[in-house]
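**Student:** no FASTA, just this:
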């Protein structure tokens, strides 16, 4: 299960957090939780996949809330080990995604990065399919507005 889901989970977490180390931590946390709760889980592989995405999503949202309460301190010194991030997306898209709400960004990441179906997203977010379709449509519309050079400030 790890090999089948880790890349998608990591991409989703990175899209939510914008930080490779934090994304890796979120995925590791999900698998740790899986090991702890595995004896009580029921269902097939698709249910487990949804469970893992839900776990990563909650961890990412918690991290984003934590960052909001306690901003990171800036320094002019790099740690001893520092890996320069490699941009995966165009800066304009990254900026536009950052302007979305955490919920909107998570829905778009689940749909377009992780490739989950609206039914799976509804199970991850504990919502209904109709609400997921509507929320994704609103998020996509807002993203398009942010990317429109005429509208962009």
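**Tutor:** Thanks, I have it. Predicted model, so just to flag it, every value in this text is computed and none were measured.

**Student:** what comes up buried for the lengthiest helix in the chain?
**Tutor:** Longest helix of the chain, by residue count under DSSP state H: helix 45-69. Within helix 45-69, the residues that count as buried by 16 or more other Cβ atoms under 10 Å are 48-61, 63-64. Yep, even glycine has a C-beta here, placed from its N, CA and C like the rest.

**Student:** Figure out how far stretch 140-153 is from the centre of its chain.
**Tutor:** 21 Å (Cα atoms, centre = their mean, to the nearest Å).

**Student:** average pLDDT across that stretch?
**Tutor:** For stretch 140-153, mean pLDDT rounds to 81.

**Student:** again with stretch 68-79
**Tutor:** For stretch 68-79, mean pLDDT rounds to 55.

**Student:** ok so, going back, ok, of the buried residues of helix 45-69, which one's closest to residue 22?
**Tutor:** Within the buried residues of helix 45-69, proximity to residue 22 (Cβ to Cβ) peaks at residue 63, which comes in at 5.9 Å.

**Student:** From residue 137, how far off is that closest one?
**Tutor:** Here the criterion is Cβ to Cβ, to the nearest Å. By it, residue 63 lies 27 Å from residue 137.

**Student:** same thing with residue 115?
**Tutor:** Taken as Cβ to Cβ, the span from residue 115 to residue 137 is 18 Å.

**Student:** for residue 21, same thing?
**Tutor:** Separation of residue 21 from residue 137 (Cβ to Cβ) stands at 33 Å.

**Student:** next one: residue 56
**Tutor:** Counting by Cβ to Cβ, the gap from residue 56 to residue 137 is 23 Å.

**Student:** Check residue 127 too.
**Tutor:** In this structure, residue 127 and residue 137 are 14 Å apart, going by Cβ to Cβ.

**Student:** Likewise for residue 116?
**Tutor:** 16 Å.

**Student:** of these two, who's got more company?
**Tutor:** residue 116 (22 against 11; other Cβ atoms under 10 Å).

**Student:** doesn't residue 110 make contact with that one?
**Tutor:** Yes. Judged on Cβ atoms under 8 Å, residue 116 makes contact with residue 110 at a distance of 4.8 Å.

**Student:** tell me, what's touching the two both at once?
**Tutor:** Shared contacts of residue 116 and residue 110, defined by Cβ atoms under 8 Å, 6 or more residues apart in numbering, are found at 53, 124.
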